[in-house]
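Novice: I'd like to go over a predicted model; first the sequence, then the structure.
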Protein chains: 2
Amino acid sequence: MNYPISQRMASLQPSAIREILKATQDPSIISFAAGNPSSDAFPSGTIRTISDQIFGEEAITALQYSVTEGYTPLRERMKALTESHYGIPRRDFDELIMVSGAQQGIELVTKCLVNEGDTVICEDPSFIGALNTFRSYQANLVGVEMEEDGINIAKLEEALKTQKNVRFLYLIPNFQNPSGITMSFEKRKAVYALAKKYSVLIMEDNPYGDLRYSGTPVPTIKSLDTEGLVIYLGSFSKILSPGLRVGYVLAPRDLLQKVIVAKQCSDVHTTILAQLICEHFLAENDLNAHIAMLCGMYRKKLELMLGEMEKAFHPAVSFTHPEGGLFVWCTLPQGADMMDFCRKAVAQKVAVVPGNAFTMHDSDPTTSFRMNFSTPSDEQIVRGIGILGQLTKQLY
Amino acid sequence: MNYPISQRMASLQPSAIREILKATQDPSIISFAAGNPSSDAFPSGTIRTISDQIFGEEAITALQYSVTEGYTPLRERMKALTESHYGIPRRDFDELIMVSGAQQGIELVTKCLVNEGDTVICEDPSFIGALNTFRSYQANLVGVEMEEDGINIAKLEEALKTQKNVRFLYLIPNFQNPSGITMSFEKRKAVYALAKKYSVLIMEDNPYGDLRYSGTPVPTIKSLDTEGLVIYLGSFSKILSPGLRVGYVLAPRDLLQKVIVAKQCSDVHTTILAQLICEHFLAENDLNAHIAMLCGMYRKKLELMLGEMEKAFHPAVSFTHPEGGLFVWCTLPQGADMMDFCRKAVAQKVAVVPGNAFTMHDSDPTTSFRMNFSTPSDEQIVRGIGILGQLTKQLY
């Protein structure tokens, strides 16, 4: 039978990264293509103890149906933590709900806000998982170019002026995926002012915010949100465990009421055991110390990768110098055949993600590719960058 | 700000049951309104041991990102189990993926198949969670009346003939929610023949299939599916734990490929720890013995409730005599004010779910209400039915 796929899903393809990752299941391949935390980053022993405690003391809570909004003590803790740790003032109009990873926050908010043909403005390049969700609701994706300190503000205003039915701006202000760029505080204020001026919402996605290895933290856009324009997405994936699938949405209550209805339709509630593990972890451990351990681990890997790239890459190849996160964004000189470069790299058993995975349209021209430093071993980083370096030199 | 809610979500309201359940958080209320498994049904000690074992032996697997399709050993086990335990022949065109509860299966399949205005044909009454998902994709809901042995076949064919763009039939053939009705094998064959004749898919939702307390098991519609027309949804919610949020979809691979793309956008993958717990539970325990324990527990509660209703209810009130599942469906005589009856019941601290929660449209006339017997204690069943019985007598 020819299955009658809906218009919204008909043209949507599996994530390009996912397909590349499948190709990299060959263990002899050095993969810079993933976006996973390091396996050394998980506090497995602590979570084992927590889990045993949960089944000893509150097994029924862990196993029975729960409420859609999320486990109440965890929600209360996250409300306190977004204030104390992330500097977001508590506002009367805001509410916080737990979701099954920030990805679900993106999905549910999009389902609640985007009609077919409505516009979502994104940093260009941007996170493929978010772009695919927007596409799956037939959004008109409009990309605005990135500069060293974040989105180009003049071009953002131009887009806001000319595009119809702009539903929200999708932004990853900290250590952006894929570019590694952090938006300056000046630009965050400018973006918020534009959102206010044009009555447009902002979806602020902050999965990497805690992973800062150098420089000074920049306040979130949500911290500026006196008007109720910012939907803030947080996640336990990069600080505790992505496999648990726990994230949260902090946003105006009037909007979240619809998001909760959408979540009821989607998965009823987030796995309660996973929420209980997050709650216990925060209650019984020093989050700052844990984050400091993660940052120490990733800082070394980032420095190693950047150092090797300086040494091995042809000087005409440029790359970002992120202050945190998981990714470095490399750009071959204009005119280079980036896809051919990526193919040659895989042939030599080194995988990177071609940049057009992150553009608004597959066919948008780009000579960039994304590299991850959190998953490969130090030895793999040295060897893999050496191979890529040789390939950059063959471009000339 | 007036948040610009999408057309698909604008008119969707929170589940009526959910609102009633909120009202029943008052612990002095006897609630027949839930749909939860009994808290005595969870093998908490076993799951505690399993969980400790997982963190001892495969903590990284439990905590790292995983693949969207689900944990491979669990998928393989479910493929074997759907054949050996549920009698569904393995077919080359079928595939099985894990989802975050069967509810997510409903959501993802609907997202992949239903355009605005497309028709979904349902049993009338039907499961509110599914109806709301269909509504959230702006489906045209067409209800077909239920008889004692399942959906009215002549009226189903009439609907198939007259309705445009019918995407699928949504059916709960075993111990249907809310009616408790089981579809006869003859009707299952007739439904499948109609699906074939009209080239329409069937979504067969079977969360309660294992919970049979009397009578003879009836083969699933999926077991008849030589043509690749049936999307079969299974769940661990009623046999192991709903809090874990683990279900599965067994359906033609060509369709599931799109469902996987939709799941990537939705939550990337189902909490891997929850999947590991299900896999270990099945690998290391006797599922049939566990189900026999559950059936023993629920059979007694069902018999108690039906016996009390026979004694206490006015003879003009009819009710179903389910052979399994979690629900009994009661119908007041024509002309009775069902909503008034439900309100009076809550005023006397007994909660049931008004039948219009399960109709295609809120305003459809019904004198029925749904009662659950798995959550209340025996003592609550006796006392609550006594109170409802008095109210039925006041109708005359």
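Specialist: Great, that's in hand.
Novice: rest of the way, CA atoms for contacts and neighbours
Specialist: Fine.
Novice: what about chain A, any weak spots by pLDDT?
Specialist: A:15-24 (pLDDT under 70).
Novice: Who are the packing partners of the longest helix along it?
Specialist: Secondary structure assigned by DSSP state H gives helix A:287-312 as the longest helix of chain A. Packing contacts for helix A:287-312, counted by 3 or more Cα pairs under 8 Å, 6 or more residues apart in numbering or on different chains; DSSP states H and E, involve helix A:378-394.
Novice: Could you list the buried residues of the helix it packs on?
Specialist: The neighbour-count check on helix A:378-394 (16 or more other Cα atoms under 10 Å in any protein chain shown) flags A:378, A:380, A:381, A:382, A:384, A:385, A:386, A:387, A:388, A:389, A:391, A:392 as buried.
Novice: roughly how far is the host helix or strand of residue A:273 from the heart of the chain?
Specialist: Assigned by DSSP states H and E, residue A:273 falls within helix A:272-284. If you compare the mean C-alpha spot of helix A:272-284 with that of the full chain, they lie 22 Å apart, counting by Cα atoms, centre = their mean, to the nearest Å.
Novice: again with stretch A:304-315
Specialist: Between the mean C-alpha position of stretch A:304-315 and that of its chain there is a distance of 25 Å (Cα atoms, centre = their mean).
Novice: and if you look at stretch A:238-245?
Specialist: Here stretch A:238-245 is found 13 Å from its chain centre; the criterion is Cα atoms, centre = their mean.
Novice: circling back: indicate whether the helix holding residue A:273 makes contact with chain B.
Specialist: Yes - contact of helix A:272-284 with chain B (Cα under 8 Å from any Cα of the partner chain) involves A:272, A:273, A:274.
Novice: need the contact list for the last one.
Specialist: This means residue A:274. By Cα atoms under 8 Å, 6 or more residues apart in numbering or on different chains, the residues touching residue A:274 are A:244, A:245, A:246, B:271.
Novice: Against chain B, how distant is the first one?
Specialist: Looking back up the chat, that one is residue A:244. 5 Å (Cα to the nearest Cα, to the nearest Å).
Novice: Quick check: that residue touching residue B:272?
Specialist: Yes - the pair residue A:244 / residue B:272 is scored as a contact, 6.6 Å apart, by Cα atoms under 8 Å.
Novice: Now the common contact residues for these two.
Specialist: Common neighbours of residue A:244 and residue B:272 are listed as B:62, B:63 (criterion: Cα under 8 Å, 6+ apart).
Novice: Settle it for me: which of these two has more neighbours?
Specialist: residue A:244 (28 against 24; other Cα atoms under 10 Å in any protein chain shown).
Novice: in the stretch 1-150 of chain A, which spans are strands?
Specialist: Under the criterion DSSP state E, counting those that start in this stretch, strands of the stretch 1-150 of chain A are mapped to A:30-31, A:94-99, A:119-124, A:140-147, A:150-151.
Novice: The fourth one - contacts with which helices or strands?
Specialist: Strand A:140-147 makes packing contacts with strand A:119-124, helix A:128-136, helix A:153-162 when contacts are defined by 3+ Cα pairs under 8 Å, 6+ apart.
Novice: looking at the ones you listed, which is closest to chain B?
Specialist: For these, proximity to chain B was assessed by Cα to the nearest Cα; helix A:128-136 is nearest, at 5.1 Å.
Novice: which other residues reach that closest one?
Specialist: Under the contact criterion Cα under 8 Å, 6+ apart, helix A:128-136 has outside partners A:8-9, A:12, A:15, A:103, A:106-107, A:110, A:120, A:141, A:357-358, A:360, B:262, B:264-266.
Novice: quick check: angle from it to strand A:119-124?
Specialist: Relative orientation of helix A:128-136 versus strand A:119-124 (axes from the mean of the first three to the mean of the last three Cα atoms, to 10 degrees): 160 degrees.
Novice: chain center to helix A:128-136, what's the gap?
Specialist: That offset, for helix A:128-136, works out to 12 Å (Cα atoms, centre = their mean).
Novice: Stretch A:49-61 now?
Specialist: Mean C-alpha position of stretch A:49-61 versus that of the full chain (Cα atoms, centre = their mean) differs by 31 Å.
Novice: Which positions in the stretch 151-300 of chain A make contact with chain B?
Specialist: Residues of the stretch 151-300 of chain A lying close to chain B by Cα under 8 Å from any Cα are A:167, A:227-229, A:241-245, A:254-255, A:258, A:261-262, A:264-274.
Novice: Now which of the residues you listed would you call buried?
Specialist: A:167, A:228-229, A:241-245, A:255, A:258, A:261-262, A:264-274.
Novice: Just these: which are in helices?
Specialist: When these are checked against helices (DSSP H), the matches are A:255, A:258, A:261, A:262, A:264, A:265, A:266, A:267, A:272, A:273, A:274.
Novice: Among those residues, which pair sits farthest apart?
Specialist: The largest separation in those, counting by Cα to Cα, is between A:255 and A:273 at 26.8 Å.
Novice: Provide the backbone phi and psi angles at residue A:244.
Specialist: Note on residue A:244: its backbone torsions stand at phi -70, psi -30 [degrees, to the nearest 10].
Novice: Can you tell me the centre-most residue of chain A?
Specialist: Among the residues of chain A, residue A:207 comes closest to the average C-alpha position under Cα atoms, centre = their mean, at 5.2 Å.
Novice: Hmm, that one is touching residue A:241, no?
Specialist: No - with contacts counted by Cα under 8 Å, residue A:207 stays clear of residue A:241, the gap being 11.8 Å.
Novice: nearest to residue B:287, of the buried residues of helix A:378-394?
Specialist: Closest to residue B:287 out of these is residue A:380 (44.8 Å), distances taken as Cα to Cα.
Novice: If the nearest residue to that closest one once chain neighbours are set aside is in a bridge, with which residues?
Specialist: Nearest in space to residue A:380, with sequence neighbours left out and distances taken as Cα to Cα, 6 or more residues apart in numbering or on different chains, is residue A:30 at 6.2 Å. According to DSSP bridges, the residues that bridge with residue A:30 are residue A:350.
Novice: Hmm, residue A:30 is touching residue A:348, no?
Specialist: No - using Cα under 8 Å as the test, residue A:30 is too far from residue A:348 to be in contact (9.3 Å).
Novice: quick one, which of the two is more surrounded?
Specialist: For residue A:30 versus residue A:348, neighbours defined as other Cα under 10 Å are more numerous around residue A:30 (25 against 15).
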